[in-house]
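Novice: Sequence plus predicted model, see below.
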Number of protein chains: 2
Amino acid sequence: MQDKSHYTRYNYKKLYELAVEMFIRYGFSREDSEKVADVILTSDRFGVESHGVNRLTLYPFGIDIGRIKVDAKPEVVEDRLSMAVIDAHDGMGQLAGIQGMQLAIDKAKKYGVGMVSVRNSNHFGIAGYYSMMAAKQGLMGVSMTNAEALVVPTYAREPMFGTNPIAVTIPADPHPFHMDFATSVMTCGKMEVYAKIGHELQPGMLVDETGTTCLDPNVFLRIRDNKSNPAYTEKTRGGIMPMGGEGMLFGGHKGYGLALLVDIMCAVMSHGAVSKGVRVTKDKEKCCHFFAAIDYSLFGDREETNRRLSEYLQSMRDAEPAEGQSRVYVHGDKEADAEKDVLAHGVGINPATYAEIEKYCVKKGINIKDYLIPEEA
Amino acid sequence: MQDKSHYTRYNYKKLYELAVEMFIRYGFSREDSEKVADVILTSDRFGVESHGVNRLTLYPFGIDIGRIKVDAKPEVVEDRLSMAVIDAHDGMGQLAGIQGMQLAIDKAKKYGVGMVSVRNSNHFGIAGYYSMMAAKQGLMGVSMTNAEALVVPTYAREPMFGTNPIAVTIPADPHPFHMDFATSVMTCGKMEVYAKIGHELQPGMLVDETGTTCLDPNVFLRIRDNKSNPAYTEKTRGGIMPMGGEGMLFGGHKGYGLALLVDIMCAVMSHGAVSKGVRVTKDKEKCCHFFAAIDYSLFGDREETNRRLSEYLQSMRDAEPAEGQSRVYVHGDKEADAEKDVLAHGVGINPATYAEIEKYCVKKGINIKDYLIPEEA
């Protein structure tokens, strides 16, 4: 959909070093800076541009305005058998996320399953990073997060929950089964892109203040801007529809149910803020996450399960494509392809993102040219 | 959508007694017959006509053709910490289902979470029965099942998995959060109804042998009939699309991912048959189920969690409805409304279903008039 001819591709390893340096200069230890940089840039590695280097400066911005507390230490506030709750105390979402998933993994190794719900956190990047963490340790991983309320329940007109993504990863050959999706019909980032390129929406993606379909993506930008404008005191109306779209015909009510489930696991279980309470003021995020790890080898022989799963996934790839399609994908295939491409040819950065990063580099005395090395075409 | 003017409503309790009597005459103990009848008729209580009394005779039929083994005893074949696998040995799906979920519940009470995967089973009724079982014991419940492959992956033209439903129930006031949905855009039952009443489909619900959209629901009946015709040896093409519809625009690839997840948890984990191997021959079902129970009180005070969840769900009901809509529903509301209605006014049965039940009653020497008592209008 996007024209990428004006993107330049930069060496991945050096870009990662830049991100680490940036977070060190913002006061994080090297270890924590490496964790945060790895989460952010794994998004680019997985081909998800919206959550990668494109948003790198969002975190320094969040620190500058006080939304993200550099010194916060995630605290385990509940811990019983296979479950725990972490209070992130307004720190970096990535640090709370990695700690949360690692705790879930440790519990899974002991009890078979581990579940950790996290409150008072910040945006944690792609949900799929954390479910993949579990897969790298031989377990099945599940990861969720709530987000600012911009999605409207089926048959309503008020935005009541966020794009609330769910990610699931399970080890397989040649690469894991890996799905990571918003429970809304579209992400906010994609809505922005549609607005930017003047692309009309399809009926059922967005509703306006009447709660009925609207084709202009700029209406979404207006809803979001009004929402974050402290001078605007009216109730917010309109927003993105749940996955499946408007009404029940294509399963919009199912997407709505999954979005509720995410809010329940992340925020209700941790006694944190549900989507409606996330980013109500600019200087406080309060979002919540959920992590689960499952040692599925307790069901039966790991090798045999892996063989069966890999064979099952391959049967999908081998299914005859529809007329006009060249291949059938399995969840995780596109990420595996993107990763090879990015490690070989670099991460594409557009001039606007480059300029934004440069601004923060200048501010922190980093010479951007030491790090952003164009790859040969 | 359906005209129900030719339905007669019959007393629920007596209908239940009829179902119990039917299964006793088919060789089940009273206890097991009561379990099976309760699962089947809970579907009617929840307002899901397709899986209730409408399908009562499907089970006697399955027993008669040898697909369901009356004497089978579900066997726990793997059991480690929070996980287990049950082999249903081709017995009634409802009996394997109840045993599976109860084992998951028992494990949840011990470890916080319990997960049970079941292989070699038969159709188990509504998935929501089992997740509700957990909620009735104060836990969160998850239930899934695979089914005969009639659903086509995104961008493919071959049916590779079933309507693979997922149900989740969590205790709340005034009634539980309860969602139970097919991961396909439509159920087979609804497709049949569309064909019966000559209702054209919407684009993106069904694809024909080319893998592209098709509006005639009779094409679905043809696909299914060909599939179960032993004389028909060609590869089956066409089928229902995943929830979200055709392509990726409304999230069809997300429904596809969820359908895979169901098959993985049910069949890959239990080392049973994935959807493609379910009901390949008429006399063997081989479907697989998955059950999880979660004692979420380990996350934090149960009363406080319940208060927060109930308030959260109520905030959805209180959201301003879209233009032209009278109310916003939460998952579980329709089931609670239907249950009150059915217990007060009886279960609606159409003449075709009545005749079908009568046939089996005659066969087993049951006087149908002793049990099917019309409620006063």
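Specialist: Cool, the structure landed. Numbering: from 1, shown residues only, chains lettered A, B, ... in the order given.

Novice: what's the spacing between residue A:186 and residue A:124?
Specialist: 20 Å (Cβ to Cβ, to the nearest Å). C-beta: built from backbone N, CA, C; applies to glycine.

Novice: And residue A:13, by the same measure?
Specialist: Per Cβ to Cβ, residue A:13 is found 23 Å from residue A:124.

Novice: higher neighbour count, those two?
Specialist: With neighbours defined as other Cβ atoms under 10 Å in any protein chain shown, residue A:13 and residue A:124 compare such that residue A:124 has more, 27 against 13.

Novice: pretty sure the more buried one is touching residue A:144, no?
Specialist: No: when contacts are counted by Cβ atoms under 8 Å, residue A:124 is not listed as touching residue A:144 (10.2 Å).

Novice: quick one: contacts for residue A:299?
Specialist: The contact partners of residue A:299, by Cβ atoms under 8 Å, 6 or more residues apart in numbering or on different chains, come to A:305, B:78, B:83-85, B:115, B:117, B:269-270.

Novice: If we use 7 Å, what do you get?
Specialist: Going by Cβ atoms under 7 Å, 6 or more residues apart in numbering or on different chains, residue A:299 touches A:305, B:78, B:83, B:85, B:117, B:269-270.

Novice: Any chance of these in TSV with neighbour count and secondary structure as columns?
Specialist: Conversion of these to TSV gives the following (neighbours: other Cβ atoms under 10 Å in any protein chain shown; DSSP: H, G, I helix; E, B strand; the rest coil):
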residue	neighbour count	secondary structure
A:305	21	helix
B:78	18	strand
B:83	28	strand
B:85	24	strand
B:117	29	strand
B:269	29	coil
B:270	29	coil
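
Novice: between the residues you listed, which is closest to residue B:153?
Specialist: Checking these against residue B:153 by Cβ to Cβ gives residue B:269 as the nearest, at 20.3 Å.

Novice: Surely that closest one touches residue A:296?
Specialist: Yes: between residue B:269 and residue A:296 there is a contact at 5.8 Å, judged by Cβ atoms under 7 Å.

Novice: Mutual contacts of those two, please.
Specialist: residue A:305.

Novice: can you map out the helices along chain A?
Specialist: Taking DSSP state H as the test, the helices found in chain A are A:12-25, A:30-45, A:58-64, A:93-111, A:128-136, A:188-197, A:217-227, A:252-263, A:302-317, A:333-345, A:351-363.

Novice: and the ones you listed, which is most packed in?
Specialist: Ranked by average neighbour count under the criterion mean count of other Cβ atoms under 10 Å in any protein chain shown, the helices of chain A are headed by helix A:252-263 at a mean of 28.

Novice: What lies in contact with that helix?
Specialist: With contact meaning Cβ under 7 Å, 6+ apart, helix A:252-263 is reached by A:144, A:146, A:151, A:153-154, A:161, A:164, A:166, A:183-185, A:241-246, A:274-275, B:168, B:177, B:179, B:181, B:243, B:251, B:312, B:331.

Novice: what do you get for stretch A:26-35?
Specialist: Residues from elsewhere that reach stretch A:26-35 (Cβ under 7 Å, 6+ apart): A:20, A:23-24, A:36, A:60, A:63, A:70, A:94-95, A:98.

Novice: buried stuff in stretch A:71-86?
Specialist: For stretch A:71-86, burial by neighbour count (16 or more other Cβ atoms under 10 Å in any protein chain shown) applies to A:72, A:74, A:78, A:81-86.

Novice: what's the neighbour count on residue A:47?
Specialist: By the criterion of other Cβ under 10 Å, residue A:47 has 15 neighbours.

Novice: For residue A:151, which residues are in contact?
Specialist: Counting by Cβ under 7 Å, 6+ apart, residue A:151 touches A:159, A:161-163, A:184, A:239-240, A:242, A:259.

Novice: try residue A:235
Specialist: residue A:158.

Novice: do residue A:194 as well
Specialist: Counting by Cβ under 7 Å, 6+ apart, residue A:194 has contacts A:201, A:217.

Novice: Next one: it from residue A:225, what distance?
Specialist: Taking Cβ to Cβ, one finds residue A:194 at 16 Å from residue A:225.

Novice: try residue A:367
Specialist: 35 Å.

Novice: Also residue A:162?
Specialist: Residue A:162 is 17 Å from residue A:225, by Cβ to Cβ.

Novice: same check, this time on residue A:360
Specialist: Taken as Cβ to Cβ, the span from residue A:360 to residue A:225 is 23 Å.

Novice: before we move on, what about residue A:298?
Specialist: Separation of residue A:298 from residue A:225 (Cβ to Cβ) stands at 50 Å.

Novice: now residue A:35
Specialist: In terms of Cβ to Cβ, residue A:35 sits 33 Å off from residue A:225.

Novice: With residue A:152 instead?
Specialist: Separation of residue A:152 from residue A:225 (Cβ to Cβ): 17 Å.

Novice: Write out the residues of the stretch 51-200 of chain A neighbouring chain B.
Specialist: Within the stretch 51-200 of chain A, the positions near chain B by Cβ under 7 Å from any Cβ of the partner chain are A:78, A:80-83, A:85, A:111-113, A:115, A:117, A:153, A:155-158, A:160, A:168, A:170, A:177, A:179, A:181, A:185.

Novice: List the ones among the residues you listed that fall in strands.
Specialist: Using DSSP state E to define strands, the subset of those located there is A:78, A:80, A:83, A:85, A:113, A:115, A:117, A:168, A:170, A:177, A:179, A:181.

Novice: So what's the residue count around the residue nearest to the third one when sequence neighbours are not counted?
Specialist: Of all residues not flanking residue A:83 in the chain, residue B:298 sits nearest, at 4.0 Å (Cβ to Cβ, 6 or more residues apart in numbering or on different chains). Applying other Cβ under 10 Å, we find 21 other residues in the vicinity of residue B:298.

Novice: ok, residue B:298 touching residue A:79?
Specialist: No: here residue B:298 does not reach residue A:79: they are 8.9 Å apart, not a contact under Cβ under 7 Å.

Novice: Look up the pLDDT of the residue most central in space within chain A for me, please.
Specialist: Centroid-nearest residue in chain A: residue A:126, 2.6 Å away (criterion: Cα atoms, centre = their mean). Reading off the confidence values, residue A:126 has pLDDT 96.

Novice: Quick check: it touching residue A:49?
Specialist: No: contact criterion Cβ under 7 Å: residue A:126 and residue A:49 do not qualify, at 11.0 Å.

Novice: Kindly export the worst-scoring helix or strand of chain A on mean pLDDT (C-alpha atoms) in PDB.
Specialist: Sorted by mean pLDDT, DSSP states H and E, the helices and strands of chain A end with helix A:188-197, the least confident at a mean of 86. C-alpha atoms of helix A:188-197 as PDB (Å, rounded to 0.1, in the frame of the first residue of the first chain):
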ATOM      1  CA  CYS A 188      -4.500   3.200  14.700                       C
ATOM      2  CA  GLY A 189      -1.200   3.300  12.800                       C
ATOM      3  CA  LYS A 190      -2.800   2.000   9.600                       C
ATOM      4  CA  MET A 191      -5.700   4.500  10.000                       C
ATOM      5  CA  GLU A 192      -3.100   7.300  10.100                       C
ATOM      6  CA  VAL A 193      -1.500   5.900   6.900                       C
ATOM      7  CA  TYR A 194      -4.800   5.900   5.200                       C
ATOM      8  CA  ALA A 195      -5.400   9.500   6.200                       C
ATOM      9  CA  LYS A 196      -2.000  10.500   5.100                       C
ATOM     10  CA  ILE A 197      -2.300   9.000   1.600                       C
END
